[in-house]
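1. build me a model from this:
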Amino acid sequence: MRQPAYRSTSRSIRDYFGLSQAELAGYLDVSRELLAAAEVGRRELPTAALLRLAVLAQAVAAPAPSPAAPAAPPAAELLPVTLFPVLRPLLARREACLLDADRLRHATAPLLRKAEQARRLQAVLPALEAALAPAPADERPRRWLARLTDAVGAALGPAADVRRARLAAREAGLRAEAEWIRSYFENITANDVLF
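-> Reported below is the predicted structural model:
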């Protein structure tokens, strides 16, 4: 038996836009259970739902160019091994800075992924609105679209930007401190160390 083409398409769409089954089902005007059954090939989606799914699939197939991703921090270089015990706390501080900066980068990654998914949704919102028929039967998908528009606004709004910016600023500060310590060790001589 041939599997429907939308079986993997709806999952790809949900991953691309960061939608749950319930959220996508709200737009398609079907139950979450029907969408789940359709994703595993047990049920067929109605034609109206397939047409709406096609609007989203088209956006996934031809994504808009996304802004350049932030550059990954350079790989940490090993500092020269020093035998001066007085400098060991400075080396430990550098390692702590790099570790904390990596933790912040990992904490920022989901926020950046959610922002990217929100940008994708924002780009396709006009097409989603156009795909809804003006008939009163489309009330549930219209409510879903209004909630989605609000969620996209919140994900791309100032409050979300502030959180991402604060994490990025803290990471940049820690990396700058670690870089200063690295450059200090590159330029230090035995005469500079106080015993």
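2. tell me the centre residue of the protein?
-> In the chain, the centroid-proximal residue (C-alpha atoms, centre = their mean) is residue 113; its distance is 0.3 Å.
3. could you list which residues are in contact with the nearest residue to it once chain neighbours are set aside?
-> Spatial nearest neighbour of residue 113, chain neighbours left out: residue 18 (7.5 Å); criterion: C-beta to C-beta, 6 or more residues apart in numbering. From N, CA and C alone the C-beta is placed, and that goes for glycine too. Listed by C-beta atoms under 8 Å, 6 or more residues apart in numbering, the contact set of residue 18 reads 113-114, 117-118, 121.
4. narrow those to those that are buried.
-> Buried subset of the contacts of residue 18 (neighbour count, 16 or more other C-beta atoms under 10 Å): 117-118, 121.
5. now secondary structure too, for these, in JSON lines please.
-> JSON lines is the format used below for the buried ones among the contacts of residue 18 (DSSP: H, G, I helix; E, B strand; the rest coil):
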{"residue": "117", "secondary structure": "helix"}
{"residue": "118", "secondary structure": "helix"}
{"residue": "121", "secondary structure": "helix"}
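6. the helix or strand harbouring the residue nearest to the centre of the chain packs against which elements?
-> Following DSSP states H and E, one finds residue 113 within helix 88-131. Under the contact definition 3 or more C-beta pairs under 8 Å, 6 or more residues apart in numbering; DSSP states H and E, helix 88-131 sits against helix 6-17, helix 47-61, helix 139-156, helix 158-187.
7. out of these, nearest to residue 28?
-> In terms of C-beta to C-beta, the element of these nearest to residue 28 is helix 47-61, at 4.0 Å.
8. okay, and the helix or strand of this protein with the least pLDDT?
-> Least confident element among the helices and strands of the chain, by mean pLDDT, DSSP states H and E: helix 6-17 (a mean of 78).
9. show me what counts as buried in that one.
-> Those would be 6, 9-10, 13-14, 16-17, for helix 6-17 by 16+ other C-beta under 10 Å.
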